[in-house]
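In: quick one, fold the following:
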Amino acid sequence: MFRNSESFMMRLSFKIAFLFLFLTEILLPQSDSIKYNETKLMFNPRFTGVQVEATSLLVVNELGGLVDFDLYSSANKYYNIGVRFSIEYHKLLNLDVGGAGQDETVFNYNLYARHTIKGSVFWFSFLAGVSLQKQSEDFQTKTNFVPRAGFELKYNLTEYEIGILLKGAKSFLEKSGYIGIGLSFGFHLL
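Out: As a prediction, this is how the structure comes out:
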């Protein structure tokens, strides 16, 4: 009687040990010094930078300022996921042939989720978030809370301070947005 229960307990303990070892290999990552992945995103909250920018394209002019924070970044700091707080002012001039034309100005106070890929001189950011939008047209002002998306392609002229910028953004509920080429001045950490 005791002999069967001992063999049962022994088999059960072997099965539990085997299951534990099998699951450990799956659930726990290996820290292998030979294969260190520099592009793996790790939770690393930090201040990334500030920027002031001006862009223009034909009849649209944009001025803005922003602050970036990283939440996740790769070990080499080339891939980042974070948050951007920004203020943008853009003005659209509608040319009316034979008339005086009209201006439309928009202020956006944005909160973006940001994914940035940084190369040695080129940086690309994809932005998605929400915006408090104040739109003025013909002496009327509308304020809306709208979803917004944008992009930013930057060519750094200096290490991290001055760059040429191709930037665009679009609000989805209100038909407003811009795209432009311009300059950016700021301070960024890699």
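
In: so which helix or strand takes in residue 7?
Out: Counting by DSSP states H and E, the element that carries residue 7 is helix 2-27.

In: residue contacts, the residue nearest to residue 157 when sequence neighbours are not counted?
Out: With sequence-adjacent residues excluded and distances taken as Cβ to Cβ, 6 or more residues apart in numbering, residue 157 is closest to residue 163, at 5.8 Å. C-betas here are computed from N, CA, C, even on glycine. Going by Cβ atoms under 8 Å, 6 or more residues apart in numbering, residue 163 touches 123, 154-157, 183-184.

In: switch the cut-off to 6 Å
Out: If a contact means Cβ atoms under 6 Å, 6 or more residues apart in numbering, then residue 163 has 154-157, 184 as its contacts.

In: run me through the strand neighbours of the helix or strand where it lies, direction for each.
Out: If you go by DSSP H and E, residue 163 is part of strand 162-171. Counting by DSSP bridges, the strands paired with strand 162-171 are strand 140-156 (antiparallel), strand 177-188 (antiparallel).

In: need those strands in TSV with mean neighbour count and mean pLDDT, can you?
Out: Listed next are the strands paired with strand 162-171 as TSV, based on neighbours: other Cβ atoms under 10 Å; pLDDT from 0 to 100:
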stretch	mean neighbour count	mean pLDDT
strand 140-156	15	90
strand 177-188	17	88
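
In: from residue 92, how far off is the most centrally placed residue in the chain?
Out: Taking Cα atoms, centre = their mean, the centroid of the chain lies closest to residue 114, which sits 0.9 Å from it. According to Cβ to Cβ, to the nearest Å, residue 114 stands 25 Å off from residue 92.
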